[in-house]
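Peer 1: Here is the input, now give the coordinates:
(3 chains)
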Amino acid sequence: MKADISLEKSAIYALLGRIFISELDRQGLHALKDRAISSVLEKLETGFQEYMDSSEWDSERVEELAAEYCQLFIVPGRSALSLRAGQWMGGEDGHAIERLEVIIRGLEFDGSAGVPGYKKVPDDHLGILLYFLSSVYASSEVNIRRLGPSIAGVVLHPWIFRFGEGLLVRTRSPLYAASGKLLLELQYLEREEMEKTGPIGM
Amino acid sequence: MSQLPSIPWERLERRQRSLPMKRAGFVIDLRRCIGCHACSISCKTENDVPLGGFRNRVRYLERPDSDRISYLPLLCMHCQDAPCLEACPTSAITRMADGRVVINQEQCCGMKACIAACPYGAIYLDAKAGKADKCDMCTHRTSLGLDPACVASCPTGTLRFGDLGDANHPVTRYAQEHGAKPFKEDAGTRPSVYYIRHEPWMNEAAATGVQITPEDDEIVYEQTGEEL
Amino acid sequence: MKQKDHLLTRRDFLKMGGALSVGVAGLGLAAPLFGNFNDQKLRIDLEKFIASRKKDFIDYTRAKAVPTICFGCTTHCGIVGWVQDGKVRRLEGNPLDPNSLGNTCSKVHGAISFTYYPERLLYPLKRVGKRGDGKWKRITWEEAIEEIGDRLKACRESGHPERFIFHYGRDKTKGFTKRFTNAFGTPNRLNRRSICSSNRRVPLMSYYGRDFEWETQDLENTKYILNFGSNPLEAYQGGMYMMHRIQRARVDNGAKMVSFEVRPSATVNCSDEYFPVMPGSDAAIGFAMANVIIDEGLVDKAFWERWANVSLSEIKAHIKDWTAEHAEKVSGVPAADIRRIAIEFAQAAPHCTTMTARGSAKHYHGTQGDRGLRMLDVLVGNVGREGGLCLSSGRMWGGGKYGQDGLPAVSQPKPRPPKPKPFTPGTPAYADLPEGVKAKVARLDSKWRNRYYGELATPSEYPLSWNWYGMKVGQLVHPYIREGRAKVDVYMSYTYGAAYGYPEAKVCREVLLDEKLVPFHVAIDIDYSEQAALADIILPEATSLERWDAHSTNCYGLIPYTGIRQPLVEPMGEARPIQIILRDLARHIGGGMEKYFDFDKVEDFYKEWYKNISAQFPGGWEEFKRRGIWQDPSRAKDYQLYERPVPKEDVVGATIDPETRVIYREKKGKKRAVGIVMEDPVTGEMKAVRGFPTPSRKIQVFDPVFPLAAQSAGLPDGDPNGAALPTLFTTPGFDALEDDDLILTTFKWNVHTQGRSSQWKYHAEVIHTNQIFINPKTAERMGLRNGDEVEITVKRPKGLTYRGGIDEVVGSVRNTVRLLKGVHERVVCFAHAGGHWEHGAVARAENHESGPAAKNGRESLLDADVSADIWWSKARGGTGNGARMNDVLPINPSPLVGGQNWFDNICKIRKVT
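Peer 2: Numbering: from 1, shown residues only, chains lettered A, B, ... in the order given. Got it, this is the predicted structure:
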């Protein structure tokens, strides 16, 4: 089996980035029916495939999902789970996020990716962080790619497990439940890799 | 039209000091304090102090002799005989050339011996980092000739900062003119913070410590005396 | 879900990742979002980033400082923001601001909280489900503008533009929103002036012709301050400007301050003497002092006879029964002290001044009461004098206003929209009025009838709420809509917190939730407030760190000035400034509105607005932006504006009334008073001087507008609210209190502001609850100890007010008590700020992810101790965020003026066992 799965990680981070950076439109929802994707998500969340395939993603259903997204992530109500790292991280971790924001602001955004909403979210948004990690793993520089687990360790691990767990408890949508689990699985993988190689750069 | 005034923030004048201060310190004029919390909150934003931790606090004390409240800003006293410095097992607490006492977080092991040793409760534990922290007189500001954030933010001239080791420094002269005294002088630590119009009963009233802790919650007014 | 439970294998990742990496249509995953990921420099940056654990202090040599104006309360001090790496890191005072002189309080730091806090509302939202369900979806700005614009357009074209209501809580655009409502054609730009200061502004406007944004005590130079329930050292309009001057006056210049109050406020705590008073008794004390001053021969006779429009003997005859003994009975302050202080005050004249505003005025009788208090300054002649109660020319708008001779005019760019037309018979708006309202309008004196704009903007029963300018009666807006006195098509809330903070706030909520009464509700706010939660569409506004605004207010240094609020950073997320929002709506509505919003960059609009100020700087607009403030410090201070000569060009061609000696000029067919001919006190020459901007050009201690208003509003004959001379009376019911009646009053802490600061984390940390403060003796009688829970029940007030005299309970609420010595024995008081149910986790005092526990028995990875930043949350054993108090405070507008009587609440409390 391949040793370096950076390219695959990059793609999965990008998928998760897309799922969290804004609501999914009809096109995006249809795309998630792709068997290579949905069979894996089915492994994580039984009923995912049925949920995606059961009926047409008409505008009413799309809107219902958008309302779920809003209730979970946007409106600061009691069941809200902020997508912003700053909500979860204080102290040193908070400084790390601020320093990463500075790095991110210095990078080029690629509008041709066609991701709706990416320009409008704050720099500490989970979607941005996930796309950032996706870019790390897509780098042609092996010395940048190998920083991936450590970066995830700094910007995600202090809070993502709490976020993920909260998401699993609160969402009524198999899509966000599956996505939450995929996100957690990916982070377990990152943690294992960090334990093997040791944190880079420290 | 008269001459336009210069714009103060456009030229960060490094106050030219040929030598560092002999003994940096604060003078707090309680006659002017209005308890507004500008000092404590500006410290929090300037130094990113976590919720639950306080580098300085403003105590509201019910006066024993009237119906009114007195205000008492409290911060690290930067003692000349600092018990925290002595108590620290890893020598994470040191004294700088100008006398201020600072904690080097990288050397802190989180034992909290300093917290126990301080008679002023000036040190808090940053729970997430597991390290002790306290006022450092805003070194990142004073190194540029700026006052510490609390002093710069005080709207009534209650907080003043200067070289208490220089008899001619205006802040030192101000302290002397008005008979400034340290808080809880009998703790014997020789603080570098002096109070004008500090009254002895305040020592007891604020005896519960200067930090807000969850146990201390919402006790905005410190009461002098019997349980009510 | 513990790590060892993981469900995916490496193969799974390969399979999924492989499929995704060739790109999937519809998910936009073809290429990574970020470029430049191959640089060595980036690698170094990333390694450093991973390694570094250091706190990132602001670097003042690298950060950029930009002056702007604070928005932490209503005072609006000049500040400077330090921006580093695109983020505002610190705010401090602008020393070039001649008002605040570089000082700020704690609230300035709230701006960093409300701009950066993670739960900030950043996207337009549209409701899904029923209004008030709390379910939303995001929409684009285009969709929002289209939907709102279509509704507004329909309303405008229906012939009833008045059915568009723009209701603001905090609008410091200094006229920008009015541009929109005028261009639209609606008079219903509603506010919350009556919630705040109406009762205390009317006495100023009655006496002096204008409220001058309000009076400007010369505190730097005063020697005696008589404080009736004001609290400038803690929470007050112009607070900061007064705060640092009062402290210098006291500590450095030996000034004495005496306070009449109900609790140990910061101002009380810094006073030389404090007298706890029965709420509403300030007026009695004031009239008593007036008697003393007259009886002791301490009146400045020359000033009174020259400027007051009633003789000393006449006023003495009118007030003679309101003695110090009477005041002692009513207030509890010993008569001997009242006498002594009155004499001390008068002897310090002219370097003495009163401070009134809150404690004295927010009562049923508060307007007449404050008229009595205002008399004290006139009696001792400190008006306009050094150390006294000055009337500064205040805000620099428009040019040509009283006292503003020679100042550069600061006017909005042209073209400017015309004002809406009054609801006169024959207009569709008039025809739409219910018959009952038409009858009330018919009863109005013609000076009001001819400029009537409907019950919301110009309530017919409260003519003094709009006689001078539109203060309106905000707390009656929702009841009036419910009664059908006004119809609504579109209701737009702007930074408005009525649903939380109004008296009987549940009435506001009920009306807003009723889609028949309010078919469409749009909220523009920086935050998900209680008000926004009841909207159909929410528009996120840029915060004060992210936008432009004009600024000017009365200067306590007594020389007018102006400042500019400018953005320090780009608006976050999709937030937009109000100027862009209204411009885009105007363009969508069209029909001529668009020509008043002809700008692309907001900065261009303000550059044009301020062009006469820019001209004062060699470096023009850029230099004004660099400084943030303009003032000509060589201009004479605004002392004795009334003795300033009328410029020759105003006298030429003017007519002078032979009896009153008032000088009139004709302008656009209207006769305007510009001054008065008075004898020079030294030379005896007759000179044309400005006098005061009143009809008589004198101080109107006697004002016929009161009986005229009482008649127009249908008050019973002889009702003291309509007295032409300042008159003392009591809040109905206060003279027949039961033994266990207490008065429930409110106050504001220095770390909070106007119901919108509970989400500022550092401020909420200091104060998060709103416990009831009670005197220990009162508590002992009731068997109460610190922390005991009580139930507070408030009954409907008596008198000519909303549901006045109906025997009903307004509401009951539970809260805890805190014993405090300095509180008056008959008073229980609580702070406004607390009891929120929106605005996010900090305002609700909850930790962010505290919520339903993990299901399926899985062990939780949630680490409560590490994550629970809100240490004061109830779940963590703290006191939580307080009780919802405003719901039980009755809607209670004062007759004729409409100011909310916040301090008239008679209540009973009982221990909850």
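Peer 1: Just give the closest residue to C:Phe520, not the sequence neighbours.
Peer 2: Leaving aside its chain neighbours, C:Phe520 sits nearest to C:Val490 (4.9 Å; criterion: C-beta to C-beta, 6 or more residues apart in numbering or on different chains). Every residue, glycine included, has its C-beta placed from N, CA and C.
Peer 1: Okay, the one you found and chain B: tell me how far apart.
Peer 2: 39 Å (C-beta to the nearest C-beta, to the nearest Å).
Peer 1: can you check C:Asn886 too?
Peer 2: Distance, C:Asn886 to chain B, using C-beta to the nearest C-beta: 20 Å.
Peer 1: What are the neighbouring residues in contact with that residue?
Peer 2: C:Tyr500, C:Gly501, C:Tyr502, C:Pro503, C:Glu504, C:Ala505, C:His832, C:Gly835 (C-beta atoms under 8 Å, 6 or more residues apart in numbering or on different chains).
Peer 1: Tabulate those in JSON lines, adding columns for neighbour count, pLDDT and secondary structure.
Peer 2: Below are these laid out as JSON lines (neighbours: other C-beta atoms under 10 Å in any protein chain shown; pLDDT from 0 to 100; DSSP: H, G, I helix; E, B strand; the rest coil):
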{"residue": "C:Tyr500", "neighbour count": "26", "pLDDT": "96", "secondary structure": "helix"}
{"residue": "C:Gly501", "neighbour count": "25", "pLDDT": "95", "secondary structure": "helix"}
{"residue": "C:Tyr502", "neighbour count": "27", "pLDDT": "96", "secondary structure": "coil"}
{"residue": "C:Pro503", "neighbour count": "25", "pLDDT": "97", "secondary structure": "coil"}
{"residue": "C:Glu504", "neighbour count": "23", "pLDDT": "97", "secondary structure": "coil"}
{"residue": "C:Ala505", "neighbour count": "25", "pLDDT": "97", "secondary structure": "helix"}
{"residue": "C:His832", "neighbour count": "21", "pLDDT": "90", "secondary structure": "coil"}
{"residue": "C:Gly835", "neighbour count": "24", "pLDDT": "94", "secondary structure": "coil"}
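Peer 1: okay, those residues in a markdown table with distance to chain B next?
Peer 2: Converted to a markdown table, those look like this (distance: C-beta to the nearest C-beta, whole Å):
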| residue | distance to chain B |
| --- | --- |
| C:Tyr500 | 21 |
| C:Gly501 | 21 |
| C:Tyr502 | 26 |
| C:Pro503 | 25 |
| C:Glu504 | 27 |
| C:Ala505 | 24 |
| C:His832 | 15 |
| C:Gly835 | 14 |
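Peer 1: for these, which one is nearest C:Leu298?
Peer 2: Checking those against C:Leu298 with C-beta to C-beta, the nearest one is C:His832 at 38.7 Å.
Peer 1: Show me the contact partners of the host helix or strand of C:Glu143.
Peer 2: Using DSSP states H and E, C:Glu143 sits in helix C:141-157. Helix C:141-157 has contacts (C-beta under 8 Å, 6+ apart) with C:124, C:126, C:161, C:163-164, C:184-185, C:489-490, C:520, C:522, C:537, C:539, C:574, C:576, C:584-585, C:588-591.
Peer 1: if we can go back for a sec, so what pairs up with the residue nearest to C:Phe520 in the strands?
Peer 2: Under DSSP bridges, the beta-bridge partners of C:Val490 are C:Phe164.
Peer 1: In chain A, which residue sits nearest chain C?
Peer 2: A:Glu8 (2.3 Å; C-beta to the nearest C-beta).
Peer 1: which element is the residue lying closest to that residue once chain neighbours are set aside on?
Peer 2: Nearest non-adjacent residue to A:Glu8, counting by C-beta to C-beta, 6+ apart: C:Gly17, 2.3 Å away. Using DSSP H and E, C:Gly17 falls within helix C:10-21.
Peer 1: Mind giving me the packing neighbours of the helix or strand containing the residue of chain A closest to chain C?
Peer 2: A:Glu8 is part of helix A:6-21 when elements are defined by DSSP H and E. Using 3 or more C-beta pairs under 8 Å, 6 or more residues apart in numbering or on different chains; DSSP states H and E, the elements in contact with helix A:6-21 are helix A:126-138, helix A:174-197, helix C:10-21.
Peer 1: Beyond it, next helix or strand please.
Peer 2: In N-to-C order, the element after helix A:6-21 by DSSP H and E is helix A:26-31.
Peer 1: quick one on the thing from earlier: of the helices and strands packed on helix A:6-21, flag the one that's most buried.
Peer 2: Highest mean neighbour count of those: helix A:126-138, a mean of 26 (counted as mean count of other C-beta atoms under 10 Å in any protein chain shown).
Peer 1: Name the surrounding residues that touch that helix.
Peer 2: A:6-7, A:9-11, A:13-14, A:16-18, A:20-22, A:83-85, A:100, A:104, A:107, A:115, A:117-118, A:121-122, A:144-145, A:147-148, A:151-152, A:155-156, A:163, C:32-35, C:37, C:46.
Peer 1: ok, which residues in the stretch 401-550 of chain C are in contact with chain A?
Peer 2: C:Tyr528 (C-beta under 8 Å from any C-beta of the partner chain).
Peer 1: what do you get for chain B?
Peer 2: Counting by C-beta under 8 Å from any C-beta, chain B sits next to chain A at B:Asp48, B:Pro50, B:Leu51, B:Asp126, B:Lys128, B:Ala129.
Peer 1: now the residues you listed as JSON lines including distance to chain C?
Peer 2: As requested, the residues of chain B next to chain A are exported to JSON lines (distance: C-beta to the nearest C-beta, whole Å):
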{"residue": "B:Asp48", "distance to chain C": "6"}
{"residue": "B:Pro50", "distance to chain C": "7"}
{"residue": "B:Leu51", "distance to chain C": "5"}
{"residue": "B:Asp126", "distance to chain C": "10"}
{"residue": "B:Lys128", "distance to chain C": "6"}
{"residue": "B:Ala129", "distance to chain C": "8"}
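Peer 1: May I ask which of those residues comes out lowest in pLDDT?
Peer 2: Looking at the residues of chain B next to chain A, model confidence by pLDDT dips furthest at B:Lys128: 76.
Peer 1: Can you check the pLDDT for the residue lying farthest from the centre of chain A?
Peer 2: Distance from the C-alpha centroid of chain A peaks at A:Ser55, with 25.8 Å (C-alpha atoms, centre = their mean). Note on A:Ser55: pLDDT of 77.
Peer 1: Over to B:Glu10?
Peer 2: Looking at B:Glu10, its pLDDT reads 82.
Peer 1: mind giving me the domain ranges of chain C?
Peer 2: Following automatic domain parsing, one gets these domains for chain C: C:125-196+C:419-549+C:577-590, C:218-390, C:734-849+C:865-911.
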